[in-house]
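> Sequence and predicted structure below; questions after.
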Amino acid sequence: MGSGYGQCKALTTMDSSSGLPVITYLSMDPVTSTVGRSQVLNYVERLAQQGVLIHLLTFEHQVDMEVWSRLSDLGVSWSPQEYGRPGAVGGFCRVLRAAWAIRGAALVHARSDMAAAAAIIAGINNWVWDVRSLWIDQKVATGVVRAGSLEERIFRWVERLAAHRSTAVVALTASAVAELDSRYKGIVAPKARVITTCTDLERFIVTPLPTTTVRILLAGTLNQYYDLRSMLDLVDEFRNRRLVEFIVAAPEVTAWEADFAGLEAIRISATPNAMADLVSSCHLGLSICRDDAGVSLKAAMPTKIGEFLASGRPVVVNPGLVDAAGLVEANGCGVVFGSTGPCSVEEAVDRIETCLSDPTTSMRCRSLAETHFNLAIGVNELVGIYNLVQMRL
């Protein structure tokens, strides 16, 4: 393959054993990233195992030949493109290159707003808008995009066009569907389904809680969207009561390394393949986002939540993660805590200790994962959506 990058042409002629046309699955995230491996590869591989022919188009920093071989064995046609420049200019160029690559595709799965922009530019008639977040709201909330800037106005326009022109919509939360429906006068909900950030329940399995010191895990990519202060306060309160191990598994150096060192955190960089064992080695997971991130929280469902629950581990989430907080609280699978409440850090730790001492907590967590974060169910839902879109071909 040489460098591994190559020319790409949309595949349109072959039908799969599922009766569907080739699905062009467009992701702007590299499949070698944490998100790509857990949320793109998992879906694509399961779809292929069901007989769906997939043409996968992604943008890569480098091509992983092991992944290439795995996908090829499953019949997936992968067209990795060179990632190119970082920043807004690089992103705009990737959108244009993606639009050129998918032209003429029969059915496109556009993962996120940048992929949706490519589908719009390419003039695709039948496509699924996969709303991974209220993308531009999240970028503004985290300071990546300046409020009122040209970039914000462009992606507000992209969101509006995607809401109107997409054939079907997939969102991570019901709150995201409701928010988009309110913005665009009821056109989103009739064509939308909720498929949350699903977890491979064959990889993440329930194991007995470790008999060691209580281990608290903060895992995944850490950025300005997360409320590190609340999570650090929670760990500090735990440390005031008992001996704990605080494990931080982030792939890159963060802005909080000094804070982690102050709490004597065990700092590691776990690979995606090691995550199942790492989660099972801990007692509790943290996924507290910033409550001041506003409306973007309505669409958020961090991947780690499903992974913790599938492993039978309770999780702490913030109240602004409306859908996640509701599920965790209603099913007794953890604690809701953040900068806006609903309880003090002392009360939160009290509730966590009660949760950890309850022998039925693990099975409640697993049961919630099986009904709401199940990859197998999510893939079946996607196939159903593709069939509905196909009816328009």
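Structure's in. What do you need? Residues are numbered from 1 along each chain as shown.
> which residues are contacting the helix or strand bottoming out on mean pLDDT in the chain?
Every helix and strand in the chain was compared by mean pLDDT, DSSP states H and E; the lowest is helix 34-35, with a mean of 78. Here helix 34-35 makes contact (C-beta atoms under 8 Å, 6 or more residues apart in numbering) with 29, 220-221, 251, 272, 303. Heads up, the C-betas are built off the backbone N, CA and C, glycines and all.
> And stretch 186-198, by the same measure?
Residues contacting stretch 186-198 (C-beta under 8 Å, 6+ apart): 39, 42-43, 163-164, 166-174, 177-178, 180-181, 301-303, 305-306, 323, 372-375, 377-379, 381-382, 384-385.
> List the buried residues of that stretch.
For stretch 186-198, burial by neighbour count (16 or more other C-beta atoms under 10 Å) applies to 188-189, 191-198.
> what does stretch 289-301 give?
289-291, 293, 295-301.
> Kindly check the end-to-end length of it for me.
10 Å (C-alpha to C-alpha, to the nearest Å).
> what's the spacing between it and its chain's center?
Offset of stretch 289-301 from its chain centre (C-alpha atoms, centre = their mean, to the nearest Å): 14 Å.
> now do stretch 54-61
Counting by C-alpha atoms, centre = their mean, stretch 54-61 comes out at 17 Å from the chain centroid.
> Ok, stretch 251-264 next?
With C-alpha atoms, centre = their mean as the basis, stretch 251-264 stands 23 Å off its chain's centre.
> what do you get for stretch 52-61?
With C-alpha atoms, centre = their mean, you get 17 Å for stretch 52-61.
> What is the neighbour count of Ala255?
Other residues lying near Ala255 total 10 when counted by other C-beta atoms under 10 Å.
> typo on my end, Gly90
Counted with other C-beta under 10 Å, the neighbours of Gly90 add up to 13.
> doesn't Gly84 make contact with it?
Yes - assessed by C-beta atoms under 8 Å, Gly90 is found in contact with Gly84 at 5.1 Å.
> name the helices or strands packed onto the helix or strand where Phe260 lies?
If you go by DSSP states H and E, Phe260 is part of helix 257-262. Contact here means 3 or more C-beta pairs under 8 Å, 6 or more residues apart in numbering; DSSP states H and E; on that basis helix 257-262 packs against strand 266-268.
> Apply 10 Å and report the result again.
helix 228-241, strand 244-249, strand 266-268 (3 or more C-beta pairs under 10 Å, 6 or more residues apart in numbering; DSSP states H and E).
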